[in-house]
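S.K.: Predicted model, plus sequence, below.
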Amino acid sequence: MKAKKVLQIVRALDFAAWAHSTQRRKGGAGEPYINHLTEVARLVAQATGGNDDKLIISALLHDVLEDQSMHVTYDMLVENFGNKVANIVREVTDDIALPQAERKRMQVVHAPHLSRRAKILKIADKAANLNSILESPPKDWSEARKREYFAWAAEVVAGCRGVNAWIEAVFDERLSLGQF
Ligand code: ZN
């Protein structure tokens, strides 16, 4: 990989760590939020044989417009990481003006219309979330709520299929472990 690409990936990692520095995952272990981002980045990197630096960068930044307290904007992403990355991140970002249930429904509706890269990223994100629920579930989640999350994630991923067999297999394996 060219030096410039490595540099951009490390810059994205540092940017993500800063943007999410005050956040923890809602799982029982309360992992630092960056662990989620590095897992998703690792999954998309493996899925694409390390050949898609823009996708790795987008994975590191995928929650930055949605779940952060530093007021990162789309324009900041364009300025720092270029149009392609900013657009992939925007594709996988919910409309935060909508109520939670509507946001979840819109993910199912939008999934088939995402770009190929955004679909791979979406599947990796859902695979990471299933793993979090399996390994460190939020303490206040009932079995029914976990079952509901798994079913919803499967619906979103159904709209993303056909882009990358490896990431789909990772997702399916984790999905099969959710016997709640
Ligand atoms: Zn995420």
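M.R.: Happy to help now that I have it. Numbering: from 1, shown residues only.
S.K.: how about the residues of this structure that lie near the ion?
M.R.: D63, D125 (C-beta under 5 Å from the ion). (Each C-beta comes from the backbone N, C-alpha and C, glycine too.)
S.K.: Tell me where the longest helix sits in the chain.
M.R.: Longest helix in the chain, counting residues (DSSP state H): helix 116-135.
S.K.: Would you mark the buried spots in the helix or strand containing Q8?
M.R.: Assigning secondary structure by DSSP states H and E places Q8 in helix 3-19. Across helix 3-19, burial judged by 16 or more other C-beta atoms under 10 Å covers Q8, I9, A12, L13, F15, A16, A19.
S.K.: Stretch 123-138 now?
M.R.: Buried-residue list, stretch 123-138, by 16+ other C-beta under 10 Å: 123-134, 137.
S.K.: Check the gap between A154 and the ion for me.
M.R.: Plainly put, A154 is 17 Å away from the ion if you go by C-beta to the ion, to the nearest Å.
S.K.: Could you report the neighbour count for that residue?
M.R.: Residues near A154, counting by other C-beta atoms under 10 Å, number 15.
S.K.: Just the CA atoms of the one helix or strand it maps to, as PDB, please.
M.R.: Secondary structure assignment for A154, by DSSP H and E: helix 143-158. The C-alpha trace of helix 143-158 is given here as PDB (Å, rounded to 0.1, in the frame of the first residue of the first chain):
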ATOM      1  CA  GLU A 143     -33.900 -12.200  25.400                       C
ATOM      2  CA  ALA A 144     -36.900 -10.900  23.300                       C
ATOM      3  CA  ARG A 145     -35.100  -7.600  22.700                       C
ATOM      4  CA  LYS A 146     -31.900  -9.500  21.500                       C
ATOM      5  CA  ARG A 147     -34.100 -11.700  19.300                       C
ATOM      6  CA  GLU A 148     -35.700  -8.600  17.800                       C
ATOM      7  CA  TYR A 149     -32.300  -7.000  17.100                       C
ATOM      8  CA  PHE A 150     -31.000 -10.100  15.400                       C
ATOM      9  CA  ALA A 151     -34.200 -10.300  13.200                       C
ATOM     10  CA  TRP A 152     -33.900  -6.600  12.300                       C
ATOM     11  CA  ALA A 153     -30.200  -6.900  11.500                       C
ATOM     12  CA  ALA A 154     -31.000  -9.900   9.200                       C
ATOM     13  CA  GLU A 155     -33.600  -7.900   7.400                       C
ATOM     14  CA  VAL A 156     -31.200  -5.000   6.800                       C
ATOM     15  CA  VAL A 157     -28.400  -7.400   5.600                       C
ATOM     16  CA  ALA A 158     -30.900  -9.200   3.300                       C
END
